[in-house]
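Colleague: pasted the sequence and its predicted model underneath.
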Amino acid sequence: MIDDAERSSAGSEVEYNYYYLPYLNPSLLPLLFANAGIRSGPVKTACELGFGQGINLNVHAAASSTHWYGTDFNPAHARFATDLASASGAPAVICNEPFEIFCARTDLPDFDFIALHGVWSWVSQQNQSIIRDFIVRKLAPGGVLFLSYNVMAGDAAMVPVREVMARSAAASKEPAQPLDARIGAALRFAASAITSSPNFADAHPGLAGRVQSLASQNWRYVAHEYFAHNWEPASFGRIADWLRPAGLEYACSSGFGNTYEPWNLTPAQRDLLATETHPELREMWRDIMTNNRFRREYWVRGARRFTPSDRLEALRRQRVLLVAPRDQASVRAETTLGAFALPKAMSDRILDLLSDHKPVSIGQIESSLRGHTIGFQQIIEVIFTLLDSGELAVAQREEVTRVARSRTDKLNAFLAERARSADDPFLFASPVTGAAILHETRMPLLFWTGLRQGLHSPAELAAKAAALTQDAALPPQGAEGKRVELDVLSLRGEAEQFLRVIVPLYRALQVV
């Protein structure tokens, strides 16, 4: 017999991978809610339940004026999150407590924002009840809940496969094997079993390919997502039923490109869906029509709605800025119906207006484009597509930026020092956006260190980056774990690109 402890070990003992999720940033709410026709209030206090490595909580605590709280069951997660908070000096409250203890605490304030990323699908029904009770008691009037979860419409076929894979890894004939090896074996067997079972494979086309693709993903993510004890997709209707006693109503999705109906539903589907007037049923049918597997959305307690004209004015007031190099920005959305690229001439005009990386209001963009036959809805499509891709961010109030700057400087110094030897995360926090700017490699963080030390030429920055990694305890690794010596000459090109493209962006984001 496989007991609960064995089955849950993959999800409860493995450290989660490092990740940053921009939609956990309350600074987005005024723009997203205005587009949905809902007023948003200030977020003074926020809480993340199940914060993983604590990247999101700490970036948002350091880079804003919001007072963040959070808990995670994994001691290693809480330790790293505490290190980040200590480095920045942000007044974040980091806890290593199970939900039943943390949610029962009497010393917590009411929260304007509560976030749960993926947690809902991974916890038991008992913990779901604890979380809902916490939301009922601690989410302030007008407060917002961010919730993401696996959706039954697109994930139903995965339920039995996931269960048998999790049991297989727990009941391995070689329990001394490392967990990643047991997970790999379970994935390989599952893929073979599906392809050798034509009745099941024909009934669920694409499922074998999905299981096979898991082998190429970060095994820590796979362990948490598919090999924990609890994993239960839900329908939008069931989530609405659960949250109704907390006085919550659906506000909007955190994504635009994958929910904007003209890009995701055929004309026939849109016409059919238009006949369904019940809002919950509309969401459920849309999930079925798009075979949706995952939802990321905001719920609000006591929504206050704009009039149509007030909504447009609220959108026009929102300030945004480009947080990617102009020549790398692409207004392209991956939708249910395939890749969708907005007209280049229109996109280029808007990107040109944003190319200096300075905050500009949507109303100013609209005024600058008068005479170019670009309508307001087209501007919104470009803005939200860039927001989805992480190439655009919302600008915070200048007084918030001034308060946050000293904390983000200290957090960024910690992250840059860590980048010498650690494999993740490669990011900086910006007090202008209250968010993170992400990099694929450690090199920009190492160049940043040299820049802060007064080095300004590509040769100097390249030499500094090479020295930092060579002096570190864990130098870069190549194939078969062999040490890779960074060549200063080869780094000069990267350093030149850094100075020419990234530094102007950093200056605008107040990262340097």
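Modeller: Nice, I can see it.

Colleague: now the end-to-end length of stretch 38-55.
Modeller: Distance across stretch 38-55, first residue to last, is 28 Å (Cα to Cα, to the nearest Å).

Colleague: quick check: buried residues in that stretch?
Modeller: By 16 or more other Cβ atoms under 10 Å, the buried positions in stretch 38-55 come out as 38-41, 43, 45-55. In this view, the C-beta of every residue, glycine as well, is placed from N, C-alpha and C.

Colleague: tell me where the stretch 201-350 of the chain has strands.
Modeller: 248-253, 294-301, 319-322, 332-335, 338-341 (DSSP state E, counting those that start in this stretch).

Colleague: of all those strands, which one is nearest His456?
Modeller: The closest of the strands of the stretch 201-350 of the chain to His456 is strand 319-322. By Cβ to Cβ, the value is 24.4 Å.

Colleague: can you tell me which helices and strands the longest strand along the chain packs against?
Modeller: Of all the segments of type strand in the chain, defined by DSSP state E, the longest one is strand 139-150. If contacts are counted by 3 or more Cβ pairs under 8 Å, 6 or more residues apart in numbering; DSSP states H and E, strand 139-150 sits against strand 111-117, helix 119-122, helix 236-243, strand 248-253, strand 294-301.

Colleague: ok so, going back, dump the strands of the stretch 201-350 of the chain to a markdown table, plus mean neighbour count, mean pLDDT and distance to Leu273.
Modeller: Listed next are those as a markdown table, based on neighbours: other Cβ atoms under 10 Å; pLDDT from 0 to 100; distance: least, Cβ to Cβ, whole Å:
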| stretch | mean neighbour count | mean pLDDT | distance to Leu273 |
| --- | --- | --- | --- |
| strand 248-253 | 19 | 96 | 15 |
| strand 294-301 | 21 | 97 | 17 |
| strand 319-322 | 21 | 98 | 30 |
| strand 332-335 | 17 | 87 | 16 |
| strand 338-341 | 12 | 86 | 19 |
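
Colleague: helices or strands up against the helix ranked longest in the chain?
Modeller: In the chain, taking DSSP state H as the definition, the longest helix is helix 398-418. Where contact means 3+ Cβ pairs under 8 Å, 6+ apart, helix 398-418 is packed against helix 55-62, helix 75-88, strand 427-430, helix 443-452.

Colleague: list the buried residues in the second one.
Modeller: Put plainly, it is helix 75-88. Buried residues in helix 75-88 (16+ other Cβ under 10 Å): 77-78, 80-82, 84-85, 87-88.

Colleague: then stretch 127-138?
Modeller: In terms of neighbour count (16+ other Cβ under 10 Å), stretch 127-138 has its buried residues at 127-128, 130-132, 134-135, 138.

Colleague: what's the answer for stretch 179-191, then?
Modeller: Residues 179, 182-187, 190-191 are the ones in stretch 179-191 that count as buried (16+ other Cβ under 10 Å).

Colleague: cool, and stretch 419-428?
Modeller: Buried residues in stretch 419-428, counted by 16+ other Cβ under 10 Å: 419-420, 425-428.

Colleague: how far off centre is that stretch?
Modeller: Here stretch 419-428 shows a centroid-to-chain-centroid distance of 18 Å under the convention Cα atoms, centre = their mean, to the nearest Å.

Colleague: for it, measure first residue to last.
Modeller: End-to-end distance for stretch 419-428, by Cα to Cα: 11 Å.

Colleague: quick one: contacts of it?
Modeller: Under the criterion Cβ atoms under 8 Å, 6 or more residues apart in numbering, residues 17-20, 53, 55, 59, 408, 412, 415-416, 436-442, 444-446, 448, 468-469, 471-475, 506, 509, 511 lie in contact with stretch 419-428.

Colleague: closest to Gly154 out of the strands of the stretch 201-350 of the chain?
Modeller: Gly154 sits nearest to strand 294-301 of all those, at 7.6 Å, using Cβ to Cβ.

Colleague: pull the residues that contact the longest helix of the chain.
Modeller: Contacts for helix 398-418 (Cβ under 8 Å, 6+ apart): 58-59, 62-65, 83-84, 87-90, 396, 425, 427-432, 434, 445-446, 448-449, 452, 510-511.

Colleague: helix 55-62 and that one, what's the angle between them?
Modeller: Interaxial angle of helix 398-418 relative to helix 55-62 (axes from the mean of the first three to the mean of the last three Cα atoms, to 10 degrees): 130 degrees.

Colleague: can you tell me the average pLDDT over helix 398-418?
Modeller: In this model, helix 398-418 has an average pLDDT of 97.

Colleague: what angle do that helix and helix 75-88 make?
Modeller: Angle between the axes of helix 398-418 and helix 75-88 is 120 degrees (criterion: the same axes, to 10 degrees).

Colleague: what residues of helix 398-418 count as buried?
Modeller: Within helix 398-418, the residues scored as buried using 16+ other Cβ under 10 Å are 400-401, 404-405, 407-418.

Colleague: closest to Arg244 out of those residues?
Modeller: Arg244 has its nearest neighbour among the buried residues of helix 398-418 in Val400, at 33.9 Å by Cβ to Cβ.

Colleague: distance of the closest one relative to Ile94?
Modeller: Distance of Val400 to Ile94, computed by Cβ to Cβ, to the nearest Å: 22 Å.

Colleague: next: Phe447.
Modeller: Distance, Phe447 to Ile94, by Cβ to Cβ: 30 Å.

Colleague: ok, these two, which is more surrounded?
Modeller: For Phe447 versus Ile94, neighbours defined as other Cβ atoms under 10 Å are more numerous around Phe447 (28 against 24).

Colleague: pretty sure the more buried one sits against Ala495.
Modeller: Yes. Between Phe447 and Ala495 there is a contact at 5.9 Å, judged by Cβ atoms under 8 Å.

Colleague: shared neighbours, those two?
Modeller: 461, 465.

Colleague: distance to Arg244 for the buried residues of stretch 419-428 - can I get that in CSV?
Modeller: Output for the buried residues of stretch 419-428, formatted as CSV (distance: Cβ to Cβ, whole Å):
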residue, distance to Arg244
Ala419, 45
Arg420, 50
Pro425, 37
Phe426, 41
Leu427, 37
Phe428, 40
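
Colleague: if we only consider those residues, which is nearest to Phe102?
Modeller: Proximity of the buried residues of stretch 419-428 to Phe102 (Cβ to Cβ) peaks at Pro425, which lies at 24.5 Å.

Colleague: surely that closest one is within a strand?
Modeller: No. Using DSSP: H, G, I helix; E, B strand; the rest coil, the assignment for Pro425 is coil, not a strand.

Colleague: let's have the chain start at 19 instead
Modeller: Shifting the count to begin at 19 puts that one at Pro443.

Colleague: what about it, distance to Pro326?
Modeller: Look at Pro443 and Pro326: by Cβ to Cβ, they are 41 Å apart.

Colleague: for stretch 52-67, what is the average pLDDT?
Modeller: 97.

Colleague: sweet, I'm off.
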